[in-house]
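K.L.:
Sequence and predicted structure are below.
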Amino acid sequence: MKKQMKMSGIGFYLLVLAVIFCAVYFSGNIESSSSDSYSIANLKKDLGNGNVTSASISQNQEIPTGEVVVKLKSGKNVDFYVSDVKDVQELLDQWNVSYKLGDVKKTSWVITTLLPYGLGFVAIFLLFSFLSAQSANSGGGNSKMMNFGKSRARRIDPEEPHAKRFKDVAGLKEEKEELEEIVDFLANPGRYTDVGARIPKGIILVGPPGTGKTLLAKAVAGEAGVPFFSLSGSDFVEMFVGVGASRVRDMFAEAKKNAPCIVFIDEIDAVARKRGSGLGGGHDEREQTLNQMLVEMDGFGVNEGIIVMAATNRVDILDPAILRPGRFDRKVTVGRPDVRGREEILEVHAKGKPLGDDVDLKKIARTTVGFTGADLENLLNESAIVCAKEGRKFIEQEDISKSFIKIGIGKEKKSKIISEKDQKITAYHEAGHAILFHVLPDVGPVHMVSIIPTGSGAAGYTMPLPERDETFMTKGKMKQDIIASLGGRIAESLIFDDITTGASQDIKQATSTAKAMVTKYGFSENVGMINYADEDEVFIGRDFGRTSRDYSEDVAKTIDNEVKAIIDDAYAQAKSILEEHMDVLHKCAKLLLEKERIDREEFEALFEPDGVVLEKKEAVSEEVDVEPDSL
Ligand SMILES: Nc1ncnc2c1ncn2[C@@H]1O[C@H](COP(=O)(O)OP(=O)(O)OP(=O)(O)O)[C@@H](O)[C@H]1O
Ligand SMILES: [Zn+2]
């Protein structure tokens with residue numbers, strides 16, 4: 001259906017182009033159709049033979065040149081140009097042939113200039129608009145030129161069958177809870193405005209592709225019973241400067257007409273990249289579009305009932321202006337689902353797909369670490385296809401295993417399928433980090449530990465809660481950061497015979513912190529309070545390279561030694577702390593393997609002998625130096 005519309009769109013453009021080219025071709029011919037062969041000499045001959053019945057002469061104004069059309073007895077018309085129409089007039093008078101004398105200027109200007117050039121211009125314009133409509137290739141598929149500067153938002157009304165509700169969104173419990181408030185704002189705005197509350201205007205959903213961001217936004221609209229308008233950021237990025245901005249204007253105008261409503265912009269990073277940055281920076285069109293979006297968001301009243309939701313998987317490249325209060329000031333992170341979440345998603349998508357007795361969704365959930373909702377939906381769909389191909393009525397475990405391999409191969413390129421062994425290593429690695437963050441006084445507390453692979457390629461993560469108001473980084477804290485970052489590798493080495501390459505990022509981090517301590521902050525007595533860190537970047541050959549160090553070999557050696565001493569010392573401390581908490585290490589790894597993601601409470605409970613949290617660790621830091629000062 002959509003395809004057909006597209007095709008007829010192309011047909012439309014081709015037709016218009018064909019007509020224009022014909023018109024240009026013929027209009028050109030009007031000018032040049034003067035038969036080269038015919039001339040005043042031929043006219044003389046034809047007059048002599050009595051072949052001429054009539055003629056018309058069009059004279060160019062103020063100059064003697066003109067065009068002559070001669071009607072011959074044979075019924076043929078010939079025309080030609082003459083340098084002086086008087087010559088022709090005299091000839092015709094001589095032979096008593098009647099003729100009309102007209103003024104050529106007006107028609108010739110229209111025909112010879114306006115028509116071909118004008119139409120040529122229109123043709124080029126159409127060609128470009130056609131190409132840009134093709135390249136934008138919007139979801140709307142509505143590429144008529146009348147809609148050139150119009151938004152192509154797609155609308156879903158709450159009554160429509162494909163409107164979504166929260167029950168269609170599996171897992172994502174915290175995310176739904178956060179968005180429930182938005183639903184309430186839209187459904188009962190009065191309750192909030194009555195007490196002077198400011199309803200948020202923009203919410204940004206951040207997470208890897210296929211994790212259900214669009215689905216969540218749709219569900220918010222469905223729950224609140226308001227229309228849902230969706231658009232992709234790339235719809236705004238056009239070849240012509242100003243088109244994107246005009247689409248933004250149009251979109252918000254439409255939204256205002258339909259308030260309360262949700263406007264959803266997918267891939268907002270396509271428009272909202274940092275301005276003037278290297279990332280496609282200096283793109284006038286994009287900047288104008290972004291500016292227009294900011295103007296619109298600032299412009300509509302706080303409580304107008306329009307909530308803009310946007311999705312991205314690259315929050316780091318967004319222009320900070322877009323995240324300011326009054327714009328997209330709420331952020332909801334949508335992560336890959338954990339085991340429970342995956343099981344729920346499988347349940348949602350298994351509806352309408354008859355499963356054989358041997359299919360165990362729980363088991364599938366356990367073997368699909370790192371799969372997003374979209375991946376899981378795809379897995380079941382592929383399985384149903386395999387099943388249907390073989391003419392069976394029920395989907396068997398075998399079908400799912402086949403699809404798993406098929407999808408797995410495709411997935412392998414994006415993120416890896418994780419083997420049980422790798423998962424175990426990751427669990428110990430992250431547990432190692434987490435324990436150190438918890439035990440060391442100036443870092444942590446641990447907010448979350450996870451062995452679900454991240455979009456950026458990490459096998460898992462330990463998230464400390466760093467949001468403490470600190471003006472200064474202290475020597476003790478930097479040292480503890482290094483200790484904590486070595487914890488992953490040490491935990492691996494304590495448990496397994498071999499170690500993995502998984503700690504490379506940790507090592508890099510630890511090294512750069514240690515280097516900064518020595519060369520920048522003057523924390524090392526042997527090096528002293530001298531800055532050795534500022535190396536200017538200079539242009540060497542084709543690459544930006546570093547200048548050679550402007551300090552001696554001796555100093556370089558001292559720095560290297562000091563850095564190594566810091567790391568070695570941190571390593572020893574980390575190891576002894578982990579050895580002391582071996583029981584927690586095992587418990588934590590086990591819990592991680594079971595749940596894949598554990599929060600602060602669950603983690604801290606592991607330290608209590610009876611598994612109960614007695615007292616939560618808060619920001620405790622008072623000038624603590626855990627280690628005997630060895631710098
Ligand atoms: N939590 C979920 N529950 C049920 N289905 C889900 C869930 N997450 C994803 N899906 C399935 O995956 C499909 C794609 O999800 P969606 O388009 O919402 O992802 P997205 O995060 O917006 O991705 P993208 O960034 O690529 O736009 C959905 O249509 C749905 O079938
Ligand atoms: Zn690590």
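P.N.:
Right, received. Where do you want to start? Ligands and ions are numbered 1, 2, ... in the order given.
K.L.:
hey, let's count contacts and neighbours off CA atoms from now on
P.N.:
Fine.
K.L.:
Contacts only, for V446.
P.N.:
In this structure, V446 makes contact with A434, F437, H438, T462, M463, P464, L465, D599, R600, F603, judged by Cα atoms under 8 Å, 6 or more residues apart in numbering.
K.L.:
The residue nearest to it when sequence neighbours are not counted - how many residues pack around it?
P.N.:
Sequence neighbours aside, P464 is the residue nearest to V446 in space, at 4.3 Å (criterion: Cα to Cα, 6 or more residues apart in numbering). Residues near P464, counting by other Cα atoms under 10 Å, number 18.
K.L.:
quick one: the strands in the stretch 451-600 of the chain?
P.N.:
Secondary structure of the stretch 451-600 of the chain (DSSP state E, counting those that start in this stretch): strands at 461-464, 537-540, 543-546, 597-599.
K.L.:
which one of these has the lowest average pLDDT?
P.N.:
The weakest mean pLDDT among the strands of the stretch 451-600 of the chain belongs to strand 537-540, with a mean of 41.
K.L.:
before we move on, back to that, the residue nearest to V446 is in contact with V439, isn't it?
P.N.:
No: look at P464 against V439 with Cα atoms under 8 Å: they stay out of range, at 12.0 Å.
K.L.:
Give me every residue in the stretch 351-500 of the chain lying close to ligand 1.
P.N.:
G373, A374, E377 (Cα under 6 Å from any ligand atom).
K.L.:
If you could redo that for the chain, that was the one I meant.
P.N.:
Applying Cα under 6 Å from any ligand atom, we find that the chain lies next to ligand 1 at 168-172, 209-215, 345, 373-374, 377.
K.L.:
all helices of the stretch 301-450 of the chain, in order?
P.N.:
All helices of the stretch 301-450 of the chain, identified by DSSP state H, counting those that start in this stretch, fall at 339-350, 361-366, 373-389, 397-414, 420-439.
K.L.:
which other helices and strands contact the second one?
P.N.:
The one in question is helix 361-366. Using 3 or more Cα pairs under 8 Å, 6 or more residues apart in numbering; DSSP states H and E as the contact definition, the elements that helix 361-366 packs against are helix 339-350.
K.L.:
Break down the stretch 51-200 of the chain into its strands, ranges please.
P.N.:
Assigned by DSSP E, counting those that start in this stretch, the stretch 51-200 of the chain shows strands spanning 52-59, 66-72, 77-82, 99-103, 154-156.
K.L.:
Any of the residues of the stretch 351-500 of the chain next to ligand 1 buried? List them.
P.N.:
Buried by 16 or more other Cα atoms under 10 Å: G373, E377, out of these.
K.L.:
could the residues of the stretch 351-500 of the chain next to ligand 1 go into CSV alongside distance to M297 and pLDDT?
P.N.:
Output for those, formatted as CSV (distance: Cα to Cα, whole Å; pLDDT from 0 to 100):
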residue, distance to M297, pLDDT
G373, 31, 92
A374, 31, 92
E377, 35, 93
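K.L.:
Quickly name whichever of the residues of the stretch 351-500 of the chain next to ligand 1 is closest to V237.
P.N.:
A374 (26.1 Å; Cα to Cα).
K.L.:
I'd like to know how many residues surround the residue nearest to that closest one when sequence neighbours are not counted.
P.N.:
Once flanking residues are discounted, A374 sits nearest to G210: 4.7 Å by Cα to Cα, 6+ apart. Residues lying near G210 (other Cα under 10 Å) number 18.
K.L.:
give the contact list for G210.
P.N.:
For G210, the contact set (Cα under 8 Å, 6+ apart) comprises T372, G373, A374, D375.
K.L.:
from those residues, which is closest to S56?
P.N.:
Among the contacts of G210, A374 lies closest to S56 (Cα to Cα), at 75.9 Å.
K.L.:
To what extent is V315 buried, counted in neighbours?
P.N.:
V315: 19 neighbours (other Cα under 10 Å).
K.L.:
List buried members of the residues of the chain next to ligand 1 by neighbour count.
P.N.:
Buried among the residues of the chain next to ligand 1 (16+ other Cα under 10 Å): 169-172, 209-215, 345, 373, 377.
K.L.:
so where's the stretch 201-350 of the chain uncertain?
P.N.:
Filtered on pLDDT under 70, the stretch 201-350 of the chain yields the residue ranges 238-240, 275-283, 301-303.
K.L.:
repeat that with 80
P.N.:
Counting by pLDDT under 80, the stretch 201-350 of the chain has low-confidence residues at 236-243, 274-286, 299-304.
K.L.:
so where do the strands sit in it?
P.N.:
Taking DSSP E, counting those that start in this stretch to define them, one finds strands in the stretch 201-350 of the chain at 202-206, 228-232, 261-266, 306-312, 330-333.
K.L.:
any residues touching the first one, and which ones?
P.N.:
Contacts of strand 202-206 from elsewhere in the structure, counted by Cα under 8 Å, 6+ apart, are 213, 307-315, 326-334.
K.L.:
related to what we said a few turns ago, what would the strands of the stretch 201-350 of the chain look like in JSON lines with mean neighbour count?
P.N.:
Putting the strands of the stretch 201-350 of the chain into JSON lines (neighbours: other Cα atoms under 10 Å) gives the following:
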{"stretch": "strand 202-206", "mean neighbour count": "23"}
{"stretch": "strand 228-232", "mean neighbour count": "24"}
{"stretch": "strand 261-266", "mean neighbour count": "26"}
{"stretch": "strand 306-312", "mean neighbour count": "26"}
{"stretch": "strand 330-333", "mean neighbour count": "18"}
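K.L.:
got CSV for the ones you listed, with distance to T454 too?
P.N.:
Below are the strands of the stretch 201-350 of the chain laid out as CSV (distance: least, Cα to Cα, whole Å):
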stretch, distance to T454
strand 202-206, 12
strand 228-232, 24
strand 261-266, 20
strand 306-312, 15
strand 330-333, 12
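K.L.:
so who does the residue in the chain sticking out farthest from the centre touch?
P.N.:
The outermost residue of the chain relative to its centre, with distances by Cα atoms, centre = their mean, is Q94 at 81.1 Å. Counting by Cα under 8 Å, 6+ apart, Q94 makes contact with nothing.
K.L.:
In terms of mean pLDDT, which of the helices of the stretch 301-450 of the chain ranks lowest?
P.N.:
Lowest mean pLDDT of these: helix 397-414, a mean of 72.
K.L.:
which of the buried ones among the residues of the chain next to ligand 1 lies closest to A123?
P.N.:
Closest approach to A123 among these (Cα to Cα): T214, at 38.7 Å.
K.L.:
got a list of what that closest one touches?
P.N.:
T214 makes contacts with F264, D266, A311, as judged by Cα under 8 Å, 6+ apart.
K.L.:
Make CSV from the residues you listed and add distance to A197 to it.
P.N.:
Output for these, formatted as CSV (distance: Cα to Cα, whole Å):
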residue, distance to A197
F264, 23
D266, 28
A311, 25
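K.L.:
which residue is nearest the middle of this protein?
P.N.:
The geometric centre of the chain, computed from its C-alpha atoms, lies nearest to E267 (Cα atoms, centre = their mean), at 3.3 Å.
K.L.:
Which residue is the nearest non-sequential neighbour of G341?
P.N.:
G171 (4.2 Å).
K.L.:
next one: Y428
P.N.:
Of all residues not flanking Y428 in the chain, A589 sits nearest, at 5.1 Å (Cα to Cα, 6+ apart).
K.L.:
I'd say the one you found and A431 touch.
P.N.:
Yes: counting by Cα under 8 Å, A431 is a contact partner of A589 at 5.9 Å.
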